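Chemist: following is a predicted model, sequence given first.
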Amino acid sequence: MNQSTAISLVIPIYNVEKYLAECLTSCINQTLTNIEIICVNDCSPDNSRSIAEDFARRDSRIKIIDHEQNKGLGAARNTGIEHAQGEYVWFVDSDDVIAENACQLLYDTATQYQVDILCFDVVNFKNDPLYSAKRIYQEPLWFNDWPHNVTIQMQEAATKLKGVFAVSPWLYITKREYLKQFKFRENGFWEDTEFTPILFASCNTLRYIPFTAYYYRLSPNSIMRTPLSEKKLLDFVAAGDALNAFIKEKHLSNKHFLTRFYTTYIKGVYQDLEKNKDIVENSPECKEALVRIAPIVRRIKRKEFFHDLLTLPPRDKLFIIYWHLKDFFIRHFTNKSFSN
């Protein structure tokens, strides 16, 4: 591919022989033709590579890159970034589907407004188990509550944006020259948890359009739907550590959207560690993480408590006081917290 390539679609491949053909079909049928499709085979043990080869023989825009050993989703995406030649890069999961006119509309919009990142909507779907030919779609999910159809000057708007947003990397396209500065964490889970927020916080311009470009397949075998393990808990912690390090390095204020995102995230990590006692009790690393995170969460809760006391109406203040007193007594007078 040459420099005239508009969008590089990066598709990590691992154990997806059941869905890969549908994914690749949606990619090669794009109305925008000057795209490239980079399939990164992460040592898939099934027939996925053969399926990709069959498509590559029929469409020269498809290139297959093989890992010598299984490295995980983050490493596969990093490999895709290294080989991408498009003006923009879009990460597509190999069991999902993209709208036929998605690349055309996204590229036209991104270049018209010259943004680093363009975000859009997604629809979840699944096949009805009773009627295999029937597909059930949910309503489009908004990317976030950030302004749409306006170009956000990130450095000016960072303290005004909400701190809750989706982090999945298939929910946006990114200018390649900008994207090359970043790498996904490798050999772990939840690698997009810190990648996307840091990518957003570092960009100059971002735009969100309410257009459904992506169709996400709900699968019972996805990472989000499998039980937690020691590895997953520690990767939760690793993502939080990366976010915290970035916040400190860049001296981001408490009002910055990334700081508020981290505040919500680290409280969730703490709750997951406390809920999974059977795992934490048998893991020195998880115990250490819980002890280290506990005071951070307590400081966050204290700040939220005093903020609520100053801003909430009297009736709500009573509830907040009750809730915090209850939490205090549970932590200090029962055996429910590992941190004591």
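Modeler: Nice, I can see it.

Chemist: got the residue ranges for the helices in the stretch 101-250 of the chain?
Modeler: In the stretch 101-250 of the chain, the helices defined using DSSP state H, counting those that start in this stretch lie at 102-113, 154-157, 176-179, 192-202, 230-250.

Chemist: dump the C-alpha coordinates for stretch 283-302 into CSV.
Modeler: Taking C-alpha atoms only, stretch 283-302 is exported to CSV below (Å, rounded to 0.1, in the frame of the first residue of the first chain):
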residue,chain,number,x,y,z
SER,A,283,-2.0,-13.9,46.1
PRO,A,284,0.7,-11.8,47.7
GLU,A,285,0.7,-9.4,44.7
CYS,A,286,-3.1,-8.9,45.0
LYS,A,287,-2.8,-8.3,48.8
GLU,A,288,-0.1,-5.7,48.2
ALA,A,289,-2.2,-4.0,45.6
LEU,A,290,-5.2,-3.9,48.0
VAL,A,291,-3.1,-2.4,50.8
ARG,A,292,-1.6,0.2,48.4
ILE,A,293,-4.9,1.2,46.8
ALA,A,294,-7.0,1.3,50.0
PRO,A,295,-5.7,4.7,51.3
ILE,A,296,-6.0,6.2,47.8
VAL,A,297,-9.7,5.2,47.7
ARG,A,298,-10.2,6.5,51.2
ARG,A,299,-8.8,9.9,50.2
ILE,A,300,-11.1,10.0,47.2
LYS,A,301,-14.1,9.1,49.3
ARG,A,302,-13.3,11.8,51.9
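
Chemist: for the longest strand seen in the chain, buried residues please.
Modeler: Scanning the chain for the longest strand, with DSSP state E as the assignment, gives strand 205-217. Applying a neighbour-count criterion of 16 or more other C-beta atoms under 10 Å, one finds Thr205, Leu206, Arg207, Tyr208, Ile209, Phe211, Thr212, Ala213, Tyr214, Tyr215, Tyr216, Arg217 buried in strand 205-217. Where C-beta positions appear, they are placed from N, C-alpha and C, glycine not excepted.

Chemist: same check on stretch 273-283?
Modeler: Leu273, Glu274, Asn276, Ile279, Val280, Ser283.

Chemist: phi, psi for the closest residue to His67 other than its chain neighbours please.
Modeler: Among residues not flanking His67 along the chain, Asp42 sits closest, at 5.0 Å (C-beta to C-beta, 6 or more residues apart in numbering). Note on Asp42: its backbone torsions stand at phi -90, psi 50 [degrees, to the nearest 10].

Chemist: and Asp42, how far from Ala213?
Modeler: 24 Å (C-beta to C-beta, to the nearest Å).

Chemist: cool, Cys43 as well?
Modeler: 30 Å.

Chemist: show me what the longest helix seen in the chain is packed up against.
Modeler: Determined from DSSP state H, the single longest helix within the chain is helix 284-311. Applying 3 or more C-beta pairs under 8 Å, 6 or more residues apart in numbering; DSSP states H and E, one finds that helix 284-311 contacts helix 230-250, helix 257-275, helix 277-281, helix 314-333.

Chemist: Glu249 - how many residues pack around it?
Modeler: 8 (other C-beta atoms under 10 Å).

Chemist: all further residue positions should be reported with the first residue as 56.
Modeler: Noted, 56 is the first residue going forward, which turns the last one into Glu304.

Chemist: tell me the pLDDT of it.
Modeler: Looking at Glu304, its pLDDT reads 96.

Chemist: low-confidence bits of this protein, can you list those?
Modeler: 56-58, 182-200, 275-281, 359-367, 369-395 (pLDDT under 70).

Chemist: let me see the domain layout of it.
Modeler: Per automatic domain parsing, the domain ranges recorded for the chain read 62-280, 285-388.

Chemist: most tightly packed of the ones you listed?
Modeler: Counting by mean count of other C-beta atoms under 10 Å, domain 62-280 has the highest mean neighbour count of the domains of the chain, with a mean of 18.

Chemist: any idea how far that one is from the middle of the chain?
Modeler: Centroid separation for domain 62-280 versus its chain: 10 Å, with C-alpha atoms, centre = their mean, to the nearest Å.

Chemist: how about stretch 334-343?
Modeler: Counting by C-alpha atoms, centre = their mean, stretch 334-343 is centred 26 Å from the centre of its parent chain.

Chemist: how close does the spatially closest residue to Leu79 that is not a sequence neighbour get to Ala131?
Modeler: Spatial nearest neighbour of Leu79, excluding adjacent residues (C-beta to C-beta, 6+ apart): Phe110 at 4.8 Å. Phe110 sits 18 Å away from Ala131, going by C-beta to C-beta.
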